[in-house]
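how would this look folded up:
(one chain, ligands or ions: 1)
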Amino acid sequence: MSVLQKSGLRPGYPVRTERLLLRPLTVSDVDALFAYRSRPDVCRYVPFEPMTREVLHERLASSWANTDLTDEGQALTLGIEVAGTGRLVGDVVLFWHSREHGGGEIGYVVNPDFSGDGYATEAARALLQLGFDDLGLHRIVARIDERNEPSAKVARRLGMRQEARLVRNELFKGEWSTELDFAMLDEEWPAYRTPR
Ligand SMILES: CC(C)(COP(=O)(O)OP(=O)(O)OC[C@H]1O[C@@H](n2cnc3c(N)ncnc32)[C@H](O)[C@@H]1OP(=O)(O)O)[C@@H](O)C(=O)NCCC(=O)NCCS
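Coordinates of the predicted model:
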């Protein structure tokens, strides 16, 4: 039986990967966030609508101001900055769903101007590391609309297993969404900790 050992997640920032810095978002990121989070194509398969600058400021002052995870039910959103240029190219989120079951979930968004370079995969791998190695999660999932092939490719590239295909599961933005559920367990993570 896997037991959650850790009591919370308090990363030291920035969280460094080979090419990226993951760090809390700040008011100075509004223009970079607006560049992609205001786009309907970026928001097509995510559970938020295109954002105005006002909404971005509101998020920065509330849920995105969280820099650690102290209990289940919380989420940690981090900006993806390219270390070499200082550009904010996207953001990632780690949800802590259950303390008892050691359950978490990841999500990722990358500005289309910077897609195709593996930034989402590299940032999401760092989130898996925070979730498994630092928070002590047992199982991390990604829930993806079947039509969102670029997102499913990220999950597969990370080594997550597709466990379920929930046919026309949710009425999402006015259409039925077929949901693909991907997961990774703590005992599977060591094999995928570094890129293959
Ligand atoms: C989902 C999303 C983040 C994927 O972005 P992406 O740029 O395709 O993903 P990555 O940044 O990991 O880049 C992967 C691509 O870069 C290529 N690549 C180049 N260098 C790479 C590297 N060093 N490592 C990994 N991949 C690399 C890969 O081959 C892949 O290209 P391919 O799709 O043609 O095979 C992006 O489409 C997005 O933000 N969509 C809108 C928001 C969204 O739907 N989020 C998911 C919600 S579930």
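
how close does the residue in the chain positioned nearest to the ligand sit to residue 60?
Closest residue of the chain to the ligand, CB to the nearest ligand atom: residue 118 (2.4 Å). (C-beta placed from N, C-alpha, C; glycine too.) Relative to residue 60, residue 118 is positioned 27 Å away (CB to CB, to the nearest Å).

circling back: neighbours around the residue of the chain closest to the ligand, how many?
By other CB atoms under 10 Å, the residues close to residue 118 number 16.

From residue 81, how far out is it?
15 Å.

How about residue 167?
In terms of CB to CB, residue 167 sits 38 Å off from residue 81.

And for residue 183?
On the measure of CB to CB, residue 183 and residue 81 end up 28 Å apart.

Looking at those two, which is more packed in?
More crowded of residue 183 and residue 81, by other CB under 10 Å: residue 81, with 24 against 18.

and that one, what pLDDT?
Note on residue 81: pLDDT of 98.

How about it, nearest residue that isn't a chain neighbour?
In space, not counting the residues next to it along the chain, residue 81 is nearest to residue 21; the distance is 4.4 Å by CB to CB, 6 or more residues apart in numbering.

quick one: residue 179 is in a helix?
No: counting by DSSP: H, G, I helix; E, B strand; the rest coil, residue 179 is located in no helix; its state is strand.

Show me what it is bridged to.
When bridges are called by DSSP bridges, residue 179 pairs up with residue 145, residue 166.

how about the helices of the chain, start to end?
30-37, 40-43, 53-61, 119-129, 149-158 (DSSP state H).

Quick check: which of those helices is buried the most?
helix 119-129 (a mean of 22; mean count of other CB atoms under 10 Å).

If the closest residue to residue 140 other than its chain neighbours is in a bridge, with which residues?
When the adjacent residues along the chain are set aside, residue 140 lies closest to residue 104, with 4.5 Å between them (CB to CB, 6+ apart). Taking DSSP bridges as the rule, residue 104 bridges to residue 96, residue 140.

Looking at residue 104 now. What's its pLDDT?
At residue 104, pLDDT is 98.

That one reaches residue 76, doesn't it?
No: with contact defined as CB atoms under 8 Å, residue 104 does not count as touching residue 76 (9.9 Å).

Perfect, that will be all.
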